[in-house]
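Chemist: A structural model of the following input is requested.
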Amino acid sequence: MPLVANSDLPSFERLRAAGGTVIPRQRAEHQDIRELHIGLLNMMPDKALEATERQFFRLVGESNQIAQFYMHPFSFPELTRGPAGRTHIERYYKSFDEIRREGLDALIVSGAAPGPELSAAPFFRPLIQVIEWAWENVTSTLCSCLATHAVLEFRHGQKRRPLGEKRWGVYSHRVAQRQHPLMVGVNTRFDVPHSRFNEISSDQFAAAGLPVLVDSVEAGVHLAVSADGFRMVFFQGHPEYDEISLMKEYKREIGRFIRRELDVYPPFPENVFTPLHRAILLEYRGRVEEAVRRAGPAPEFPEHLLTPDLDNTWHDSAEAVINNWIGAVYQLTHVDRRRPFRDGVDPADPLGLKRATSSPA
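Modeler: Numbers count the residues shown, from 1 in each chain. Below you'll find the predicted structure:
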(Lines give C-alpha, C1' and ligand atoms only; values in the text may rest on other atoms or scores of the structure.)
Protein backbone atom coordinates (compact mmCIF):
# COMPACT_ATOMS: atom_id res chain seq x y z
CA MET A 1 0.00 0.00 0.00
CA PRO A 2 1.11 3.58 -0.48
CA LEU A 3 3.39 5.85 1.41
CA VAL A 4 1.67 9.09 2.33
CA ALA A 5 3.59 12.26 1.49
CA ASN A 6 2.82 13.84 4.86
CA SER A 7 5.50 16.52 4.40
CA ASP A 8 7.53 18.20 1.64
CA LEU A 9 10.46 15.82 2.25
CA PRO A 10 12.23 15.46 -1.15
CA SER A 11 12.56 11.69 -0.73
CA PHE A 12 8.83 11.28 -1.36
CA GLU A 13 9.08 12.85 -4.81
CA ARG A 14 12.22 10.89 -5.67
CA LEU A 15 10.51 7.62 -4.69
CA ARG A 16 7.44 8.56 -6.73
CA ALA A 17 9.63 9.39 -9.76
CA ALA A 18 11.30 5.98 -9.40
CA GLY A 19 7.92 4.22 -9.63
CA GLY A 20 6.99 3.97 -5.95
CA THR A 21 3.40 4.42 -4.80
CA VAL A 22 3.31 7.73 -2.96
CA ILE A 23 0.07 9.69 -2.52
CA PRO A 24 -0.52 13.22 -1.22
CA ARG A 25 -1.80 13.59 2.31
CA GLN A 26 -4.99 15.30 1.13
CA ARG A 27 -5.95 12.21 -0.89
CA ALA A 28 -5.06 9.84 1.95
CA GLU A 29 -7.32 11.72 4.36
CA HIS A 30 -10.34 10.99 2.15
CA GLN A 31 -9.72 7.23 2.04
CA ASP A 32 -11.16 4.88 4.63
CA ILE A 33 -7.94 2.92 5.09
CA ARG A 34 -6.17 2.38 8.36
CA GLU A 35 -3.01 4.39 8.97
CA LEU A 36 0.28 3.09 10.31
CA HIS A 37 2.72 5.68 11.63
CA ILE A 38 6.36 4.60 11.46
CA GLY A 39 9.29 6.57 12.82
CA LEU A 40 12.76 6.63 11.31
CA LEU A 41 15.49 7.66 13.72
CA ASN A 42 18.11 8.61 11.13
CA MET A 43 21.58 8.82 12.68
CA MET A 44 23.54 8.52 9.44
CA PRO A 45 26.05 11.22 8.46
CA ASP A 46 25.03 13.94 6.02
CA LYS A 47 26.25 12.18 2.87
CA ALA A 48 24.05 9.16 3.55
CA LEU A 49 21.13 10.94 5.24
CA GLU A 50 18.71 11.15 2.31
CA ALA A 51 19.73 7.81 0.79
CA THR A 52 18.92 6.13 4.11
CA GLU A 53 15.50 7.79 4.10
CA ARG A 54 14.71 6.51 0.63
CA GLN A 55 15.98 3.00 1.28
CA PHE A 56 13.89 2.39 4.41
CA PHE A 57 10.86 4.30 3.09
CA ARG A 58 10.88 2.15 -0.04
CA LEU A 59 11.01 -1.11 1.91
CA VAL A 60 8.07 -0.03 4.05
CA GLY A 61 6.08 1.28 1.08
CA GLU A 62 6.49 -1.95 -0.87
CA SER A 63 4.93 -4.11 1.84
CA ASN A 64 1.46 -5.25 0.81
CA GLN A 65 -0.54 -4.78 3.98
CA ILE A 66 -3.85 -2.93 3.89
CA ALA A 67 -2.65 0.31 5.38
CA GLN A 68 -1.38 3.75 4.49
CA PHE A 69 2.10 4.47 5.79
CA TYR A 70 2.98 7.78 7.39
CA MET A 71 6.74 8.09 7.84
CA HIS A 72 8.14 10.34 10.56
CA PRO A 73 11.92 10.94 10.37
CA PHE A 74 13.79 12.43 13.30
CA SER A 75 17.39 12.69 14.47
CA PHE A 76 19.50 13.92 17.36
CA PRO A 77 20.79 17.49 17.75
CA GLU A 78 23.88 16.00 19.43
CA LEU A 79 25.13 14.63 16.09
CA THR A 80 27.62 16.77 14.18
CA ARG A 81 26.12 18.10 10.95
CA GLY A 82 27.22 20.35 8.14
CA PRO A 83 25.02 23.21 6.86
CA ALA A 84 23.16 21.02 4.34
CA GLY A 85 22.40 18.29 6.89
CA ARG A 86 21.23 20.77 9.53
CA THR A 87 18.99 22.54 7.03
CA HIS A 88 17.46 19.27 5.83
CA ILE A 89 16.69 18.12 9.38
CA GLU A 90 15.35 21.49 10.52
CA ARG A 91 13.08 21.70 7.49
CA TYR A 92 11.74 18.16 7.21
CA TYR A 93 12.37 16.23 10.45
CA LYS A 94 10.48 16.15 13.73
CA SER A 95 11.94 16.39 17.20
CA PHE A 96 11.86 13.45 19.59
CA ASP A 97 9.49 15.47 21.79
CA GLU A 98 7.03 15.63 18.88
CA ILE A 99 7.43 11.91 18.24
CA ARG A 100 6.68 11.09 21.87
CA ARG A 101 3.68 13.39 21.95
CA GLU A 102 2.11 12.03 18.75
CA GLY A 103 3.07 8.36 19.17
CA LEU A 104 4.23 5.70 16.71
CA ASP A 105 3.09 2.26 15.65
CA ALA A 106 6.61 1.11 14.78
CA LEU A 107 10.13 2.51 14.79
CA ILE A 108 13.20 1.99 12.59
CA VAL A 109 16.60 3.04 13.95
CA SER A 110 19.33 3.50 11.36
CA GLY A 111 23.03 2.87 11.79
CA ALA A 112 25.50 5.70 12.38
CA ALA A 113 29.05 6.73 11.57
CA PRO A 114 31.48 4.19 13.07
CA GLY A 115 33.66 5.18 15.99
CA PRO A 116 36.10 3.50 18.37
CA GLU A 117 33.94 3.44 21.52
CA LEU A 118 30.14 3.32 21.34
CA SER A 119 29.55 4.63 24.85
CA ALA A 120 31.45 7.81 23.93
CA ALA A 121 29.49 8.39 20.70
CA PRO A 122 27.24 11.49 20.72
CA PHE A 123 24.17 9.41 19.88
CA PHE A 124 24.65 6.84 22.67
CA ARG A 125 22.81 8.49 25.58
CA PRO A 126 19.98 9.95 23.46
CA LEU A 127 19.53 6.53 21.86
CA ILE A 128 19.10 4.93 25.29
CA GLN A 129 16.26 7.37 25.94
CA VAL A 130 14.57 6.58 22.63
CA ILE A 131 14.86 2.81 23.04
CA GLU A 132 13.53 2.89 26.61
CA TRP A 133 10.58 5.01 25.48
CA ALA A 134 9.92 2.74 22.48
CA TRP A 135 9.98 -0.41 24.61
CA GLU A 136 7.00 0.87 26.58
CA ASN A 137 5.17 2.77 23.85
CA VAL A 138 5.87 1.26 20.40
CA THR A 139 4.74 -2.14 19.16
CA SER A 140 8.06 -3.04 17.54
CA THR A 141 11.44 -1.37 16.97
CA LEU A 142 13.82 -2.41 14.20
CA CYS A 143 17.51 -1.59 14.79
CA SER A 144 20.05 -1.49 11.98
CA CYS A 145 23.77 -2.32 12.24
CA LEU A 146 25.45 0.14 14.65
CA ALA A 147 22.13 0.74 16.43
CA THR A 148 21.99 -3.02 17.08
CA HIS A 149 25.50 -2.90 18.56
CA ALA A 150 24.58 0.02 20.81
CA VAL A 151 21.38 -1.62 22.09
CA LEU A 152 23.19 -4.91 22.76
CA GLU A 153 25.71 -2.97 24.85
CA PHE A 154 23.43 -0.82 26.99
CA ARG A 155 20.48 -3.22 27.35
CA HIS A 156 22.27 -6.56 27.44
CA GLY A 157 25.88 -5.88 28.43
CA GLN A 158 27.24 -7.36 25.19
CA LYS A 159 29.94 -5.17 23.67
CA ARG A 160 30.73 -5.48 19.99
CA ARG A 161 34.06 -7.05 19.06
CA PRO A 162 36.51 -5.72 16.45
CA LEU A 163 36.84 -7.84 13.32
CA GLY A 164 40.40 -6.76 12.63
CA GLU A 165 39.48 -5.62 9.13
CA LYS A 166 36.39 -4.29 7.45
CA ARG A 167 33.74 -6.86 6.58
CA TRP A 168 31.95 -5.60 3.53
CA GLY A 169 30.28 -7.26 0.61
CA VAL A 170 27.28 -9.41 -0.19
CA TYR A 171 27.06 -12.75 1.62
CA SER A 172 24.86 -15.83 1.59
CA HIS A 173 22.70 -16.36 4.69
CA ARG A 174 20.49 -19.17 5.95
CA VAL A 175 17.28 -19.01 7.95
CA ALA A 176 17.90 -20.60 11.35
CA GLN A 177 14.30 -20.51 12.64
CA ARG A 178 11.96 -21.12 9.73
CA GLN A 179 8.77 -21.19 11.80
CA HIS A 180 9.17 -17.67 13.16
CA PRO A 181 6.45 -15.34 11.78
CA LEU A 182 9.07 -12.93 10.41
CA MET A 183 10.37 -15.76 8.19
CA VAL A 184 7.08 -16.80 6.59
CA GLY A 185 7.43 -16.88 2.80
CA VAL A 186 11.13 -15.95 2.95
CA ASN A 187 13.68 -18.01 1.01
CA THR A 188 15.56 -20.35 3.34
CA ARG A 189 18.83 -19.05 1.87
CA PHE A 190 19.34 -15.51 0.63
CA ASP A 191 21.92 -12.74 0.28
CA VAL A 192 22.43 -9.73 2.54
CA PRO A 193 24.98 -6.89 2.21
CA HIS A 194 27.22 -6.11 5.19
CA SER A 195 29.54 -3.21 5.92
CA ARG A 196 31.15 -2.99 9.36
CA PHE A 197 34.36 -3.18 11.37
CA ASN A 198 32.81 -4.86 14.44
CA GLU A 199 30.28 -7.54 15.24
CA ILE A 200 28.04 -9.09 17.82
CA SER A 201 28.59 -12.84 17.54
CA SER A 202 25.96 -15.55 17.68
CA ASP A 203 27.33 -16.56 21.10
CA GLN A 204 26.75 -13.02 22.36
CA PHE A 205 23.18 -12.97 21.07
CA ALA A 206 22.62 -16.32 22.81
CA ALA A 207 24.16 -15.03 26.06
CA ALA A 208 21.73 -12.10 25.92
CA GLY A 209 18.79 -14.48 25.38
CA LEU A 210 18.08 -13.10 21.91
CA PRO A 211 17.03 -15.69 19.29
CA VAL A 212 18.96 -15.59 16.02
CA LEU A 213 16.73 -16.00 12.97
CA VAL A 214 19.21 -15.52 10.11
CA ASP A 215 22.99 -16.02 10.05
CA SER A 216 25.91 -16.65 7.72
CA VAL A 217 29.07 -18.77 7.90
CA GLU A 218 31.02 -15.90 6.29
CA ALA A 219 29.31 -12.80 7.67
CA GLY A 220 27.87 -13.88 11.03
CA VAL A 221 24.46 -12.99 12.42
CA HIS A 222 22.20 -10.85 10.29
CA LEU A 223 18.80 -10.97 12.03
CA ALA A 224 17.86 -11.59 15.66
CA VAL A 225 14.91 -10.65 17.86
CA SER A 226 14.20 -9.82 21.49
CA ALA A 227 13.38 -12.65 23.86
CA ASP A 228 9.63 -12.09 23.35
CA GLY A 229 10.15 -12.66 19.62
CA PHE A 230 9.09 -9.30 18.23
CA ARG A 231 9.30 -6.11 20.27
CA MET A 232 12.84 -5.53 19.06
CA VAL A 233 14.26 -6.72 15.74
CA PHE A 234 18.02 -6.55 15.19
CA PHE A 235 19.80 -6.30 11.84
CA GLN A 236 23.59 -6.49 11.51
CA GLY A 237 23.46 -6.48 7.71
CA HIS A 238 22.02 -3.86 5.40
CA PRO A 239 19.09 -5.34 3.45
CA GLU A 240 17.92 -1.78 2.70
CA TYR A 241 20.96 -1.12 0.47
CA ASP A 242 20.59 -0.33 -3.22
CA GLU A 243 22.65 -2.31 -5.73
CA ILE A 244 24.98 0.70 -6.03
CA SER A 245 25.46 1.25 -2.29
CA LEU A 246 28.63 -0.81 -1.82
CA MET A 247 30.11 0.56 -5.04
CA LYS A 248 29.50 4.09 -3.72
CA GLU A 249 31.11 3.13 -0.43
CA TYR A 250 34.13 1.71 -2.27
CA LYS A 251 34.37 4.99 -4.19
CA ARG A 252 34.32 6.94 -0.90
CA GLU A 253 37.08 4.73 0.53
CA ILE A 254 39.23 5.37 -2.53
CA GLY A 255 38.59 9.08 -1.98
CA ARG A 256 39.94 8.71 1.54
CA PHE A 257 43.08 7.05 0.13
CA ILE A 258 43.52 9.91 -2.34
CA ARG A 259 43.23 12.44 0.51
CA ARG A 260 45.82 10.40 2.50
CA GLU A 261 43.28 9.53 5.19
CA LEU A 262 44.05 5.85 4.45
CA ASP A 263 47.58 4.49 4.12
CA VAL A 264 46.52 1.40 2.15
CA TYR A 265 44.38 1.26 -0.97
CA PRO A 266 40.99 -0.25 -0.03
CA PRO A 267 40.26 -3.87 -1.00
CA PHE A 268 37.25 -4.80 -3.10
CA PRO A 269 33.99 -5.43 -1.25
CA GLU A 270 33.35 -9.16 -1.55
CA ASN A 271 30.92 -10.67 -4.06
CA VAL A 272 29.98 -7.32 -5.57
CA PHE A 273 32.05 -6.78 -8.73
CA THR A 274 32.23 -8.99 -11.82
CA PRO A 275 35.62 -10.06 -13.29
CA LEU A 276 35.26 -7.27 -15.87
CA HIS A 277 34.54 -4.75 -13.09
CA ARG A 278 37.66 -5.89 -11.25
CA ALA A 279 39.80 -5.50 -14.37
CA ILE A 280 38.49 -1.97 -14.88
CA LEU A 281 39.06 -1.12 -11.22
CA LEU A 282 42.57 -2.57 -11.13
CA GLU A 283 43.51 -0.39 -14.10
CA TYR A 284 41.91 2.58 -12.31
CA ARG A 285 43.87 1.77 -9.15
CA GLY A 286 47.13 2.01 -11.05
CA ARG A 287 46.22 5.47 -12.32
CA VAL A 288 45.14 6.59 -8.83
CA GLU A 289 48.36 5.39 -7.20
CA GLU A 290 50.40 7.13 -9.87
CA ALA A 291 48.45 10.36 -9.34
CA VAL A 292 49.05 10.12 -5.58
CA ARG A 293 52.77 9.58 -6.09
CA ARG A 294 52.96 12.62 -8.35
CA ALA A 295 50.64 14.67 -6.11
CA GLY A 296 48.55 15.30 -9.22
CA PRO A 297 44.77 15.28 -9.81
CA ALA A 298 43.09 11.91 -9.33
CA PRO A 299 41.31 10.29 -12.30
CA GLU A 300 37.53 10.15 -12.27
CA PHE A 301 36.05 7.00 -10.74
CA PRO A 302 34.61 4.83 -13.59
CA GLU A 303 31.14 4.58 -12.07
CA HIS A 304 29.41 4.67 -15.46
CA LEU A 305 31.23 1.48 -16.50
CA LEU A 306 30.16 -0.43 -13.39
CA THR A 307 26.59 0.58 -12.59
CA PRO A 308 24.75 -1.12 -15.51
CA ASP A 309 25.96 -4.59 -14.51
CA LEU A 310 25.65 -4.44 -10.72
CA ASP A 311 23.16 -6.98 -9.36
CA ASN A 312 20.75 -6.81 -6.44
CA THR A 313 20.36 -10.33 -5.03
CA TRP A 314 18.77 -9.41 -1.69
CA HIS A 315 15.88 -7.00 -2.21
CA ASP A 316 13.06 -9.56 -2.60
CA SER A 317 13.99 -11.30 0.66
CA ALA A 318 14.41 -7.96 2.44
CA GLU A 319 10.97 -6.93 1.22
CA ALA A 320 9.47 -10.22 2.44
CA VAL A 321 10.94 -9.79 5.94
CA ILE A 322 9.76 -6.17 6.19
CA ASN A 323 6.35 -7.22 4.86
CA ASN A 324 6.06 -9.78 7.67
CA TRP A 325 7.23 -7.22 10.23
CA ILE A 326 4.73 -4.60 9.06
CA GLY A 327 1.98 -7.22 8.89
CA ALA A 328 2.57 -8.23 12.50
CA VAL A 329 2.65 -4.58 13.61
CA TYR A 330 -0.68 -4.07 11.82
CA GLN A 331 -2.25 -7.08 13.54
CA LEU A 332 -0.94 -6.26 17.03
CA THR A 333 -1.12 -2.47 17.21
CA HIS A 334 -3.91 -0.64 18.96
CA VAL A 335 -5.69 1.96 16.80
CA ASP A 336 -4.79 4.54 19.47
CA ARG A 337 -1.05 5.11 18.89
CA ARG A 338 -0.55 6.01 22.53
CA ARG A 339 -1.45 2.40 23.40
CA PRO A 340 1.01 0.08 21.64
CA PHE A 341 -0.84 -3.26 21.76
CA ARG A 342 -4.39 -4.26 20.93
CA ASP A 343 -6.48 -5.42 23.85
CA GLY A 344 -5.73 -9.04 24.71
CA VAL A 345 -2.17 -9.04 23.33
CA ASP A 346 0.42 -10.18 25.85
CA PRO A 347 3.38 -7.75 25.67
CA ALA A 348 5.67 -10.51 26.96
CA ASP A 349 4.60 -12.78 24.10
CA PRO A 350 3.01 -10.60 21.39
CA LEU A 351 3.21 -13.19 18.59
CA GLY A 352 1.96 -16.04 20.79
CA LEU A 353 5.21 -17.98 20.30
CA LYS A 354 5.37 -19.25 23.89
CA ARG A 355 1.69 -20.15 23.90
CA ALA A 356 2.13 -22.09 20.67
CA THR A 357 5.09 -24.11 21.95
CA SER A 358 3.45 -24.85 25.30
CA SER A 359 0.12 -25.98 23.82
CA PRO A 360 -0.57 -29.73 24.05
CA ALA A 361 -0.01 -31.65 20.84
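
Chemist: in space, what's closest to residue 210 - neighbours in sequence excluded?
Modeler: Spatial nearest neighbour of residue 210, excluding adjacent residues (C-beta to C-beta, 6 or more residues apart in numbering): residue 224 at 4.8 Å. Where you see a C-beta, it was placed from the backbone N, CA and C, and this is true even at glycine.

Chemist: list the neighbouring strands of the host helix or strand of that neighbour plus their orientation.
Modeler: In this assignment (DSSP states H and E), residue 224 forms part of strand 220-225. Paired neighbours of strand 220-225 in the sheet (DSSP bridges): strand 212-216 (antiparallel), strand 232-235 (antiparallel).

Chemist: for burial, what's the neighbour tally of the spatially closest residue to residue 129 that is not a sequence neighbour?
Modeler: Leaving aside its sequence neighbours, residue 129 sits nearest to residue 96 (C-beta to C-beta, 6+ apart; 7.6 Å). Neighbour count for residue 96, taken as other C-beta atoms under 10 Å: 17.

Chemist: what's the distance between residue 96 and residue 123?
Modeler: 12 Å (C-beta to C-beta, to the nearest Å).

Chemist: name the residues contacting each of the two.
Modeler: Residues touching both residue 96 and residue 123 (C-beta atoms under 8 Å, 6 or more residues apart in numbering): residue 76.

Chemist: next helix or strand past whatever helix or strand residue 173 lives in?
Modeler: Counting by DSSP H and E, the element that carries residue 173 is strand 161-175. Moving toward the C-terminus from strand 161-175, the next helix or strand (DSSP H and E) is strand 189-199.

Chemist: for that following strand, which positions count as buried?
Modeler: 190, 191, 192, 193, 194, 195, 196, 197, 198, 199 (16 or more other C-beta atoms under 10 Å).

Chemist: contacting residues around the second one?
Modeler: Just to be clear, that refers to residue 191. 170, 171, 172, 173, 271, 313, 314, 317.

Chemist: need the max-distance pair from those.
Modeler: 271 and 317 (15.4 Å; C-beta to C-beta).

Chemist: looking at the two, which is more packed in?
Modeler: When neighbours are counted by other C-beta under 10 Å, residue 271 and residue 317 differ, and residue 317 comes out ahead with 21 against 15.

Chemist: that one contacts residue 190, doesn't it?
Modeler: Yes. Between residue 317 and residue 190 there is a contact at 3.8 Å, judged by C-beta atoms under 8 Å.

Chemist: give me the below-cutoff pLDDT ranges for the stretch 51-200 of the chain.
Modeler: 64-65 (pLDDT under 70).

Chemist: could I get the full set of strands for it?
Modeler: For the stretch 51-200 of the chain, strands defined by DSSP state E, counting those that start in this stretch occupy the ranges 68-74, 106-112, 140-144, 161-175, 189-199.
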